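Visitor: A predicted structure for the sequence below; I have some questions about it.
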Amino acid sequence: MPKVAPFHSVKPNASNVHHDNSACTEGNNIESQYKRAGTAGRPRCDHCNRLAQQGA
Ligand SMILES: [Zn+2]
C-alpha cells in the first residue's frame, strides 16, 4: 500500500494541493528542494484521490 505521510510542493505556481501516495506521478515529480512535509491545509490532489478510491 503506497500511502505515505502527506507532503506538498512549495514551488511557485505549483498546484495548490497535497499528496499522500507514493504512486502519484504528480507527487513524484516534485523536486526534492521544493518538497515539504504536511498538507499545508491544502486539499488532496485528484490523482491521490483516485488512487485512494482504487485502494492503492
Ligand atoms: Zn498526488
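Guide: Received the coordinates, thanks. Numbers count the residues shown, from 1 in each chain.

Visitor: By residue count, which strand of the protein is the longest?
Guide: The longest strand of the chain (DSSP state E) is strand 3-9.

Visitor: what's in contact with the helix or strand following that strand?
Guide: Sequence-wise, the next helix or strand downstream of strand 3-9 (DSSP states H and E) is strand 18-21. With contact meaning C-beta atoms under 8 Å, 6 or more residues apart in numbering, strand 18-21 is reached by 2-8, 26-27, 30, 38-40, 42-45, 47-48, 51-52, 56. Just so you know, the C-beta spots here come from the backbone N, C-alpha and C atoms, and that holds for glycine as well.

Visitor: Just the buried residues of those residues.
Guide: Pro6, Phe7, His8, Glu26, Gly27, Ile30, Thr39, Arg44, Cys45, His47, Cys48, Leu51 (16 or more other C-beta atoms under 10 Å).

Visitor: now the residues you listed in JSON lines, with pLDDT and secondary structure?
Guide: Formatted as JSON lines, these follow (pLDDT from 0 to 100; DSSP: H, G, I helix; E, B strand; the rest coil):
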{"residue": "Pro6", "pLDDT": "98", "secondary structure": "strand"}
{"residue": "Phe7", "pLDDT": "98", "secondary structure": "strand"}
{"residue": "His8", "pLDDT": "98", "secondary structure": "strand"}
{"residue": "Glu26", "pLDDT": "96", "secondary structure": "helix"}
{"residue": "Gly27", "pLDDT": "97", "secondary structure": "helix"}
{"residue": "Ile30", "pLDDT": "97", "secondary structure": "coil"}
{"residue": "Thr39", "pLDDT": "98", "secondary structure": "coil"}
{"residue": "Arg44", "pLDDT": "98", "secondary structure": "strand"}
{"residue": "Cys45", "pLDDT": "97", "secondary structure": "coil"}
{"residue": "His47", "pLDDT": "97", "secondary structure": "helix"}
{"residue": "Cys48", "pLDDT": "97", "secondary structure": "helix"}
{"residue": "Leu51", "pLDDT": "96", "secondary structure": "helix"}
